[in-house]
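> coordinates for the following, if possible.
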Amino acid sequence: MPKNHTSGLQIALKVYTDLEKPDSGSIEEFTLKFMNGYNNRASVRFSKPSKVKPDRIIDIIIHSRLPDLTKDEIDLIAEGHRVAMTAENILGYMLEEYIHENVLQFGWTCCWGSVLRSIDFVSKKGELLQVKNRSNSENSSSSRVRLGTEIQKWHRIDANSGITYWDKLNEIIGKGSSMSEEKFSDFVRALVQKNPDCIYIEPSSEIFNR
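From the prediction side, this is the model:
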């Protein structure tokens, strides 16, 4: 198990006890859930194959619109779509890990394992933050105030314009925080190169064997 100063457990646990006033059993459950989330972060997790079967009517739709495509080309499009969906599903985990690694030094931590409802990051001062990847991502009902503390909101990218808002996040974190889209992109590249299994690709896939 990683040390608390690496996972941010001590910061999150203090905020949790201040917000919820839990008993000792709840604290144990919180700690277990938090550490399970931390130990399943993007840089170390292994993605599993989807149990959802592809809908072949999609192939028919594509072929009807693009009749010159061969079956192999349509199959490649379908496989590419599944890989893209896997990448999209893990993007949120990558975003959390990147932010966590850059804000821990400033007294913030990710709430690994979704241990605090509607809250993704907390600070040792008790500040609460909800993070979304895109402006059109579904928001939980977190506009309310919890025990007098407002939950701040931030999203990485505007879905319509493509503009990113790292400056706003740096302002929230303060103290010289310098996160950026370029640095996040570098982080993602390095993470996938180090742990390619975070994105599942079928061994028999044409994409995998190209």
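
> can we go C-alpha only for contacts and neighbour counts from here?
Noted.

> quick one: the helices in this protein?
Secondary structure of the chain (DSSP state H): helices at 4-7, 9-20, 24-38, 57-65, 71-103, 166-173, 181-194.

> and those: which comes nearest residue 203?
Residue 203 lies closest to helix 71-103 among these, at 11.6 Å (Cα to Cα).

> contact partners for the closest residue in space to residue 122 that isn't next to it in sequence?
Among residues not flanking residue 122 along the chain, residue 128 sits closest, at 4.7 Å (Cα to Cα, 6 or more residues apart in numbering). Residues in contact with residue 128, defined by Cα atoms under 8 Å, 6 or more residues apart in numbering, are 119, 120, 121, 122, 149, 150, 151, 152.

> which strand residues bridge residue 128?
Going by DSSP bridges, residue 128 is paired in beta bridges with residue 122, residue 151.

> spatially central residue in this structure, please.
residue 92 (2.0 Å; Cα atoms, centre = their mean).

> between the contacts of residue 128, which is closest to residue 101?
Distances from residue 101 to these, taken by Cα to Cα, are shortest for residue 121, at 11.9 Å.

> I'd like the distance between the closest one and residue 149.
As judged by Cα to Cα, to the nearest Å, residue 121 and residue 149 stand 13 Å apart.

> between these two, who's got more neighbours?
Using other Cα atoms under 10 Å as the criterion, residue 121 and residue 149 rank with residue 121 on top: 25 against 12.

> picking that back up, from residue 98, how far off is the residue nearest to residue 122?
18 Å.

> pLDDT value on the spatially closest residue to residue 188 that is not a sequence neighbour, please?
Nearest-residue entry for residue 188: residue 94, 6.9 Å, with adjacent residues in sequence omitted and distances by Cα to Cα, 6+ apart. pLDDT recorded at residue 94 is 97.

> ok, residue 94 - contacts?
Contacts for residue 94 (Cα under 8 Å, 6+ apart) come out as 41, 42, 43, 188.

> most neighbours of all those residues, which one?
Neighbour max across these (other Cα under 10 Å) = residue 42, 26 neighbours.

> thinking again about what came up before, tell me which two in the contacts of residue 128 are the farthest apart.
Maximum distance among the contacts of residue 128 (Cα to Cα): 14.4 Å, for 120 and 149.
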